[in-house]
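# got a sequence here, can you build the structure:
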Amino acid sequence: MARYIFITGGVVSSLGKGLASAALGALLQARGYKVRLRKLDPYLNVDPGTMSPTQHGEVFVTDDGAETDLDLGHYERFTGVNATKNDNITTGQIYKKIIEKERRGDYLGATVQVIPHVTGEIKDFVLSDPGEGVDFVLVEVGGTVGDIEGLPFFEAIRQLGQELPRGHACFIHLTLLPYIKTAGEMKTKPTQHSVKELRSIGIQPDILLCRCEMPIPEGERRKLGLFCNVRPSAVIQAMDSASIYSVPLDYHREGLDTEVLDVFGLRDAPAPDLTKWEQIDHRLRHPDGEVNIAIVGKYTALTDAYKSLIEALVHGGVANNVRVKFDWIEGEVFEKEEALIAERLNSVHGVLVPGAFGERGSEGMIRSVQFAREHAVPYFGICFGMQMAMIEAARNLAGLRQASSTEFGPTSEPIVGLMTEWVKGNEKETRNEGGELGGTMRCGAYEAILTPGSRVADIYGASNISERHRHRYEVNIAYRDAIERTGLKFTGLSPDGVLPELCERQDHPWFVGVQYHPELKSRPFDPHPLFASFIAAARDRSRLV
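Okay, the predicted model is just below:
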């Protein structure tokens, strides 16, 4: 039977529970165990798909089309285990399921309550089949202990701590130890109160994972052990690491995985093989050069909106042994001051336009595409970025001055539009979204067929690929001939030949657009080939300018 590790947070949010969970999963894997990670999100939204990226951050998409919390991206990148819709649940999903059951009469007239019905659904989710041979299920509880919306989740894991066989549950509490400079002291009181709150619910943490700016003095470690009822050795310091990929190494040095295994009585577990993590850490610390990538987007005020994109670019840097620097540019900036385009983009080694929804900033992104095309700057367009490349070619090279997307309003030249507007009888998966996203979404893994001999086929080393999508609008295949005459070739299509999936310019050092989100499948030990190739082109440019 699988053992369960519950990771909770206290004192403040944004301490890095998702990263800590992923790093611990990687350490257990390095010892030969099979792991699965899951996330409990207390918010009332059914999923993050309709939430603002500047508030919630990135929406991570799984192969089976689930729109999930960005922490599942950390889980996948650190463990290589593909997440599914069964690995993330929200309060909204739970209440939706319960209300549907109540309306059907499944409860046979019983009063529906938080306990046992809500907590029961949470426990069913946690205990649902993790897959064959899984040794550990790591369950991250979103939010902070004391938040009212999190109470049903804490109650559910409390019950599980009693219902699972003895020795099959471990509770890790991630907290903050602030350092007060004027007093010259590290303060343990916030952590003491956080643990007190947790214990009042009925949960006694086995391990404290303490975020701190400097090493924990031995006296404070003993104090935390005494007042929080844990062994001093189970007070694990978590200082800032050189990079997120150094975290497993740092946590191992502090003894986190050893303490976890000790909770389960697994004192004879094999030592971890951390060779690959040491190699990644070394390459990140000792790069052979640097490239500067301009990301011209819509949500650059919160870089968490592009979390997977950032990591995929870092992976591309690892593949080429260079450090990747980011120049974040709001697309609207280039609309207000066109002269800034050359000023901001002349010195970069690559331009990337990522996914987005809505018209805001789109004209600035189109101008970025034009600059990259005309000045031979490596260009990577992802989802919305591919659509902007198509519109730029249609307007400036094909003479279709009214070329636009129906997402922005009515147009006589719909280069981009809802698939159902111009393809009858070929509707893909649809789901109701509401808000900015509208009604039709293509989410999850879809296949594409690449043109033999094309740059993208050479990059992939394959002619048939599967990538994850998350978008509502498609490039209109009816404009293929007009656009291809400009040199922008459609080098990847859906298997039925109706939906453009990739495009490229063969008369350019590196110019590729994709309708999907390749960043979602990139891993530090297996960088996505498109990102590795893009950064290689940026590295070559850095040696020329």
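
# buried set for stretch 475-495?
Across stretch 475-495, burial judged by 16 or more other Cβ atoms under 10 Å covers 475-477, 479-480, 482-483, 486, 488-494. Bear in mind the C-beta positions are built from the backbone N, C-alpha and C, glycine included.

# ugh, wrong one, stretch 253-263
254, 255, 256, 257, 258, 259, 260, 261, 262, 263.

# I'd assumed residue 204 was in contact with the last one.
No. In this structure, residue 263 is not within contact of residue 204 by Cβ atoms under 8 Å, at 11.5 Å.

# ok, the nearest residue to residue 32 once chain neighbours are set aside - how many residues close by?
Of all residues not flanking residue 32 in the chain, residue 270 sits nearest, at 5.4 Å (Cβ to Cβ, 6 or more residues apart in numbering). Neighbours of residue 270 under the rule other Cβ atoms under 10 Å: 10.

# between the two ends of stretch 505-512, what distance do you get?
Using Cα to Cα, to the nearest Å, one end of stretch 505-512 lies 7 Å from the other.

# could you give me the buried positions within that stretch?
Quick answer for stretch 505-512 (16+ other Cβ under 10 Å): 505, 508, 509, 510, 511, 512.

# so which of those sit within strands?
505, 511, 512 (DSSP state E).

# number of residues surrounding residue 271?
Counted with other Cβ under 10 Å, the neighbours of residue 271 add up to 10.

# quick one, phi/psi of it?
Taking degrees, to the nearest 10, you get phi -70, psi 150 for the backbone angles of residue 271.

# then residue 122?
phi -60, psi -40.

# count the neighbours of it for me.
The number of residues near residue 122, taken as other Cβ under 10 Å, comes to 24.

# just give the nearest non-adjacent residue to it, would you?
Closest residue to residue 122 apart from its sequence neighbours, by Cβ to Cβ, 6+ apart: residue 156 at 3.8 Å.

# my read: that neighbour touches residue 123, true?
Yes. Between residue 156 and residue 123 there is a contact under Cβ under 8 Å: 5.2 Å.

# who has more neighbours, the two?
Set side by side, residue 156 and residue 123 show more neighbours around residue 156, with 27 against 17, by other Cβ under 10 Å.

# tell me who's in contact with the more buried one.
The contact partners of residue 156, taken as Cβ atoms under 8 Å, 6 or more residues apart in numbering, are 118, 119, 122, 123, 126.

# now do the contacts for the residue lying closest to residue 203 once chain neighbours are set aside.
Among residues not flanking residue 203 along the chain, residue 158 sits closest, at 5.1 Å (Cβ to Cβ, 6+ apart). When contacts are counted by Cβ under 8 Å, 6+ apart, residue 158 touches 201, 202, 203.

# could you do residue 131 as well?
By Cβ under 8 Å, 6+ apart, residue 131 lies in contact with 34, 36.

# helix, strand or coil for it?
The three-state label for residue 131, taken from DSSP: H, G, I helix; E, B strand; the rest coil, comes out as coil.

# and it, its phi and psi?
With angles defined as degrees, to the nearest 10, residue 131 sits at phi 110, psi 160.

# need the pLDDT of it.
pLDDT for residue 131: 92.

# likewise residue 429?
The predicted local confidence for residue 429 is 38.

# so which of the contacts of residue 158 sit within strands?
Per DSSP E, these never map to strands.

# and these, which of them are buried?
Buried by 16+ other Cβ under 10 Å: 201, 203, out of the contacts of residue 158.

# so can I have JSON lines of the contacts of residue 158 showing distance to residue 299?
Shown next, in JSON lines, are these (distance: Cβ to Cβ, whole Å):
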{"residue": "201", "distance to residue 299": "36"}
{"residue": "202", "distance to residue 299": "40"}
{"residue": "203", "distance to residue 299": "36"}
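
# closest to residue 250 out of the contacts of residue 158?
Nearest to residue 250, judged by Cβ to Cβ, of the contacts of residue 158 is residue 203 at 26.0 Å.

# was I right to think that closest one contacts residue 151?
No. Counting by Cβ under 8 Å, residue 151 is not a contact partner of residue 203; they are 11.7 Å apart.

# for the nearest residue to residue 240 once chain neighbours are set aside, what are its contacts?
Spatially, and ignoring its direct neighbours in sequence, residue 240 is nearest to residue 213 (7.5 Å; Cβ to Cβ, 6+ apart). For residue 213, the contacting residues are 179, 239, 240, by Cβ under 8 Å, 6+ apart.

# at 10 Å what do you get?
Neighbouring residues of residue 213 by Cβ atoms under 10 Å, 6 or more residues apart in numbering: 176, 177, 178, 179, 181, 186, 239, 240.

# buried subset of those?
By neighbour count, with 16+ other Cβ under 10 Å, the contacts of residue 213 hold 176, 177, 178, 186 as buried.

# state the distance from the most far-flung residue of the chain relative to its centre to residue 102.
Distance from the C-alpha centroid of the chain, by Cα atoms, centre = their mean, peaks at residue 109 (41.7 Å). To residue 102, residue 109 is 10 Å away according to Cβ to Cβ, to the nearest Å.

# just to revisit the earlier point, ok, the buried ones among the contacts of residue 213 vs residue 57, which is closest?
Looking across the buried ones among the contacts of residue 213 and measuring by Cβ to Cβ, the closest to residue 57 is residue 176, at 20.0 Å.

# now that closest one, what are its backbone angles?
Per degrees, to the nearest 10, the backbone of residue 176 is at phi -120, psi 130.

# which ones are touching the residue lying closest to it once chain neighbours are set aside?
Take residue 176 and drop its neighbours on the chain: the residue closest to it by Cβ to Cβ, 6+ apart is residue 11, 4.2 Å away. Neighbouring residues of residue 11 by Cβ under 10 Å, 6+ apart: 144-146, 173-178, 189-191, 193-195, 197, 210-211.

# in strands, which of those appear?
173, 174, 175, 176, 210, 211.

# surely residue 307 meets residue 76?
No. Residue 307 lies out of contact with residue 76 (Cβ atoms under 10 Å); the separation is 11.7 Å.

# overlap in contacts, the two.
residue 60.

# follow-up on the earlier one: which element, helix or strand, includes the residue nearest to residue 122?
For residue 156, the host element (DSSP states H and E) is helix 151-163.

# so which bits of that helix are buried?
Within helix 151-163, the residues scored as buried using 16+ other Cβ under 10 Å are 151, 152, 153, 154, 155, 156, 157, 158, 159, 160, 161.

# now stretch 95-107
95, 97, 98.

# dump the C-alpha coordinates for that stretch into PDB.
What follows is stretch 95-107 as a C-alpha-only set of coordinates in PDB (Å, rounded to 0.1, in the frame of the first residue of the first chain):
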ATOM      1  CA  TYR A  95     -19.000  21.200  -4.100                       C
ATOM      2  CA  LYS A  96     -20.100  20.900  -7.800                       C
ATOM      3  CA  LYS A  97     -19.900  17.100  -7.400                       C
ATOM      4  CA  ILE A  98     -21.700  17.100  -4.100                       C
ATOM      5  CA  ILE A  99     -24.600  19.300  -5.300                       C
ATOM      6  CA  GLU A 100     -25.000  17.200  -8.400                       C
ATOM      7  CA  LYS A 101     -25.300  14.100  -6.200                       C
ATOM      8  CA  GLU A 102     -27.700  15.900  -3.900                       C
ATOM      9  CA  ARG A 103     -29.900  16.900  -6.800                       C
ATOM     10  CA  ARG A 104     -30.000  13.300  -8.100                       C
ATOM     11  CA  GLY A 105     -31.000  12.100  -4.700                       C
ATOM     12  CA  ASP A 106     -27.900  10.100  -4.100                       C
ATOM     13  CA  TYR A 107     -27.900  11.000  -0.400                       C
END
